[in-house]
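Novice: Predicted model and sequence follow; I will ask about them next.
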Amino acid sequence: KKHLTKDVVDKCKNKKSKLGATLYDCISSGVENLDAGVGVYAPDADSYRTFAPLFDKIIEDYHGFKPTDKQPAVDLGEGKTKEFPPLDPEGKYIKSTRIRCGRSLKGYPFNPLLKQDDYLAMEGKVRDAFTGFTDKELKGTYYPLDGMTKDTQKKLIADHFLFKEGDRHLQAANACNFWPKGRGIFHNNDKTFLIWVNEEDHMRIISMQEGSDVGAVLDRLIRGVKGIENRVPFSRDERLGWLTFCPTNLGSTVRASVHIKLPKLSARKDFKSICEKLHLQVRGIHGEHSESEGGVYDISNTARLGLSEYQAVKQMYDGVKKLIELEKEEK
Ligand code: ADP
Ligand code: CIR
C-alpha cells in the first residue's frame with residue numbers, strides 16, 4: 001500500500017524473475033492481508049533484483065538500507081561473546097533469551113517455487129548435516145512434521161520451540177504447498193539448540209535458554225551455524241548478505257530476543273515508541289502477530305540488514321539493558 005505506486009507497478013508489471021515469478025507472486029500476501037506489516041515475499045533470489053523498484057523501497061524503509069548500501073562481512077561474534085554477560089543476573093525481568101538466524105540452501109528457490117521433491121531432497125540434505133554434529137551439546141534428533149502427533153506439535157508450539165501452523169501471511173504467499181512434507185524440527189536433548197526445516201525459510205537455526213545469558217546463547221548458536229555450514233552450502237548475495245524469503249530477514253538474518261516483564265514501563269502509553277527509538281521490536285508472547293500475556297513481551301533487534309550478526313545481537317543487548325534501567329527509574 002505504501003510503496004506500490006503506479007510508477008513501481010509500471011516498472012514491474014511485465015517482468016518475470018529467472019524462475020518465472022511475477023510481481024503478483026511477490027505481493028499476494030499483502031493483497032490478501034491488508035493488516036500485514038510488510039506484505040511482500042521474494043519467490044526466488046532473483047526477485048530481489050527483478051522487482052527492485054518495489055523491494056528496494058521496502059528494504060530501505062524497514063532496515064534503513066539504501067540501494068547503494070552493502071551488507072558488511074560476516075561477523076558472528078566469535079571470540080566476543082564475553083561482551084554479553086547476563087542482562088538480568090537476579091532474574092527479576094527476563095524469563096528467557098533466544099537468538100535465531102535464517103539460512104537458504106544454495107541452488108534452491110524459496111517456498112512458492114519449490115516442488116514436493118525439492119522439499120524432500122532439501123530435508124534429506126539438512127538431516128545428513130545434523131547427523132554429522134560432533135559437538136556433544138548440539139547433538140540431537142530430527143522430528144519430521146509429517147507423522148508428528150497433534151499433541152506433540154501443540155506442546156512444542158506452546159513451549160516456544162516449534163513454528164506455528166497455518167500462518168495466513170505465509171499461506172497467502174503460497175509458502176505452504178505440500179505441507180507437512182519436508183518440514184520438521186531438529187533439537188538437542190535440552191531443547192537449547194533447534195533447527196526449523198522448510199517453514200518460512202529453508203532453515204531457521206535457533207539457540208535459546210532460560211534466563212538472560214546472551215553470551216552463552218550466542219556462543220551455542222555460533223557453534224551450530226559453523227557445524228552446519230561445513231556440510232551444506234548456504235546462499236549469500238554480495239549486497240544483501242544471507243538470502244531469506246522475507247525482506248525483513250535479509251543480511252545478518254539475526255533476531256535476538258528476550259521474553260521480558262517490564263510492568264511499569266510497559267504500562268506507559270509510549271512504551272512502543274520508547275522501544276522503537278532504541279531500535280527494538282515488540283512482539284507478543286507467541287511471537288509475531290501475537291499478543292502479550294501476563295505482561296511478558298518478546299523484545300528483539302529490529303534491523304537485520306546493513307549490520308553484522310554481532311551488531312544485531314548488540315542492538316538488542318544495549319537496547320534491553322537501557323529498558324531495564326528505565327524500568328528501575330520509573331516511580
Ligand atoms: P521468529 O523469531 O523465528 O521470527 P516468531 O516471532 O514466530 O518467529 O517466534 C517463534 C517462537 O519463538 C515463538 O513461539 C516465540 O514465542 C518464541 N520466542 C521468541 N523469543 C523468545 C525468547 N526470548 N524466549 C522464549 N521463546 C521465544
Ligand atoms: C507481515 O507483513 O506482517 C508478514 N509478512 C511478516 C513480516 C515480517 N515481520 C515483521 O516485520 N515483524
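Specialist: Looks like it came in fine. Numbers count the residues shown, from 1 in each chain. Ligands and ions are numbered 1, 2, ... in the order given.

Novice: quick one: contacts of stretch 16-26?
Specialist: Residues outside stretch 16-26 that contact it (C-beta atoms under 8 Å, 6 or more residues apart in numbering): 9, 12-13, 15, 31, 40-44, 46-47, 49-51, 54-55, 109, 112-113, 174. Just so you know, the C-beta spots here come from the backbone N, C-alpha and C atoms, and that holds for glycine as well.

Novice: try 7 Å this time
Specialist: Under the contact criterion C-beta atoms under 7 Å, 6 or more residues apart in numbering, stretch 16-26 has outside partners 12-13, 15, 40-44, 46-47, 50-51, 54, 109, 112-113, 174.

Novice: Can you give me the end-to-end span of that stretch?
Specialist: 11 Å (C-alpha to C-alpha, to the nearest Å).

Novice: Now a ChimeraX select for only the buried ones of the contacts of stretch 16-26.
Specialist: Only the buried entries of these go into this ChimeraX selection, using 16 or more other C-beta atoms under 10 Å:
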select :12,40,41,42,43,44,46,47,50,51,54,109,112,113,174
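
Novice: Return the subset of the contacts of stretch 16-26 lying in helices.
Specialist: Judged by DSSP state H, the contacts of stretch 16-26 include 12, 47, 50, 54 as members of helices.

Novice: what's the closest non-adjacent residue to the third one?
Specialist: Meaning Thr50. Computed as C-beta to C-beta, 6 or more residues apart in numbering, the closest residue to Thr50 that is not its neighbour in sequence is Ser17, at 4.5 Å.

Novice: Lys11 too?
Specialist: Pro53 (4.5 Å).

Novice: just checking, that neighbour touches Cys12?
Specialist: Yes. Pro53 sits in contact with Cys12 when judged by C-beta atoms under 7 Å, with a separation of 5.9 Å.

Novice: what do the two both touch?
Specialist: Counting by C-beta under 7 Å, 6+ apart, nothing touches both Pro53 and Cys12.

Novice: per-residue pLDDT, Gly132?
Specialist: Note for Gly132: predicted pLDDT of 86.

Novice: Identify the residue spatially nearest to it, adjacent ones excluded.
Specialist: Arg231 (5.6 Å).

Novice: can you check Arg49 too?
Specialist: Per C-beta to C-beta, 6+ apart, closest to Arg49 is Ser17, 7.9 Å.

Novice: Look up phi and psi at the residue in the stretch 201-331 of the chain that ligand 2 sits nearest to.
Specialist: Going by C-beta to the nearest ligand atom, ligand 2 is nearest to Thr248 of the stretch 201-331 of the chain, at 4.2 Å. Here is the backbone geometry of Thr248 (degrees, to the nearest 10): phi -70, psi -20.

Novice: what sits against it?
Specialist: Contacts of Thr248 by C-beta under 7 Å, 6+ apart are 38, 62, 304.

Novice: Tell me, how many residues neighbour the second one?
Specialist: The reference is to Tyr62. Using other C-beta atoms under 10 Å, Tyr62 is surrounded by 18 other residues.

Novice: okay, the residue nearest to it when sequence neighbours are not counted: pLDDT?
Specialist: Spatial nearest neighbour of Tyr62, excluding adjacent residues (C-beta to C-beta, 6+ apart): Thr248 at 5.6 Å. On pLDDT, Thr248 comes in at 97.

Novice: I'd like the distance between Thr248 and Pro144.
Specialist: 28 Å (C-beta to C-beta, to the nearest Å).

Novice: Pull up the pairing partners for the longest strand seen in the chain, direction included.
Specialist: In the chain, with assignment by DSSP state E, the single longest strand is strand 94-103. Using DSSP bridges, strand 94-103 pairs in its sheet with strand 203-210 (antiparallel), strand 255-261 (antiparallel).

Novice: In PDB, list the C-alpha atoms belonging to the longest one.
Specialist: Output in PDB follows, covering the C-alpha atoms of strand 203-210 (Å, rounded to 0.1, in the frame of the first residue of the first chain):
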ATOM      1  CA  MET A 203      16.400 -23.300   7.800                       C
ATOM      2  CA  ARG A 204      16.000 -21.300  11.000                       C
ATOM      3  CA  ILE A 205      18.900 -22.000  13.300                       C
ATOM      4  CA  ILE A 206      17.900 -21.300  16.900                       C
ATOM      5  CA  SER A 207      19.700 -21.100  20.300                       C
ATOM      6  CA  MET A 208      17.600 -20.500  23.400                       C
ATOM      7  CA  GLN A 209      17.600 -21.000  27.200                       C
ATOM      8  CA  GLU A 210      16.000 -19.800  30.400                       C
END
